[in-house]
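Enquirer: Prediction below, plus the sequence it came from.
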Amino acid sequence: MNRPSKDKTALKAADPEDARQWSHEVLKEFRLIFKAVQQHSQWVETHCGVTSAQLWALWELANNPGLKVTELARAMSIHHSTACSMLDKLAKKELIVRERISQDQRVVTVTLTLDGIALLNQVPSPPQGILQHALFDLPENVLKSLAKNLNVLVKEMKIKDDEAAMQPINALPKKPPSRRRKA
């Protein structure tokens, strides 16, 4: 009686060294992504005077004038309070204006000022950020697969910070206050 021979590919996939090599390849891909996001964020802050998340907000407002704060938060997948804080900073820079347009004074719409429009016209593409732009361009089946697999990774890492998922990526970490030594 002839027994079917084992597929060499199946044997190779079971090899722990092969799995380790795949881990290294995935790690390298994450490093490339993080480095690109950091470089893009640094360029935006240096050349535009706003964070990459703020630039994304301006881009959303340019595409949807009169957006409500809640709608902006949803479009950027951030908390309403985070969107409000971001808009406060953009308003101080006179890049946006908030308006209450209804009897309900809680409803606020946001539009770009001429300075906000001018800033957006000066920045290179993609103004919504390189990671977001790439994700928005992926086919739905790829996005679904990526979401499922990243969810597995998050569970394996035992990440419990659900709030972090609704905050913009801060590619430029805040520096801790310097400690001066007393002479």
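Expert: That came through, no problem. Residues are numbered from 1 along each chain as shown.
Enquirer: Can you pull out the residues in contact with stretch 38-58?
Expert: 37, 72, 76, 78, 83, 86-87, 89-90, 93, 95-96, 112, 116, 119-120, 122-123, 127-130, 132, 168-169, 171-172 (C-beta atoms under 8 Å, 6 or more residues apart in numbering). Every C-beta, even on glycine, is put in place using the N, C-alpha and C of the backbone.
Enquirer: Mind checking which of the residues you listed are buried?
Expert: 37, 72, 76, 78, 83, 86-87, 90, 95-96, 112, 116, 119-120, 123, 127-130, 132, 168-169, 171 (16 or more other C-beta atoms under 10 Å).
Enquirer: So which of those belong to helices?
Expert: Of these, the ones assigned to helices by DSSP state H are 37, 72, 76, 83, 86-87, 90, 116, 119-120, 130, 132.
Enquirer: which residue ranges form the helices in this protein?
Expert: Secondary structure of the chain (DSSP H): helices at 8-13, 16-48, 52-63, 69-76, 80-92, 114-122, 130-137, 140-156.
Enquirer: Now the longest one: average pLDDT?
Expert: Per-region confidence: helix 16-48 scores 88 on mean pLDDT.
Enquirer: That helix versus helix 130-137: what angle between them?
Expert: Computed by axes from the mean of the first three to the mean of the last three C-alpha atoms, to 10 degrees, the angle separating helix 16-48 from helix 130-137 equals 110 degrees.
Enquirer: please begin residue numbering at 215 from this point
Expert: Right, with 215 as the first residue, what we last looked at is helix 230-262.
Enquirer: How far away from the center of its chain is helix 230-262?
Expert: Centroid separation for helix 230-262 versus its chain: 14 Å, with C-alpha atoms, centre = their mean, to the nearest Å.
Enquirer: tell me which residues in that helix are buried?
Expert: Across helix 230-262, burial judged by 16+ other C-beta under 10 Å covers 251, 254-255, 258-259, 262.
Enquirer: For the helices of the chain, give me a markdown table that also has distance to residue 320.
Expert: Compiled in a markdown table, the helices of the chain are given as follows (distance: least, C-beta to C-beta, whole Å):
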| stretch | distance to residue 320 |
| --- | --- |
| helix 222-227 | 56 |
| helix 230-262 | 31 |
| helix 266-277 | 19 |
| helix 283-290 | 10 |
| helix 294-306 | 11 |
| helix 328-336 | 23 |
| helix 344-351 | 28 |
| helix 354-370 | 33 |
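Enquirer: Sweet, I'm off.
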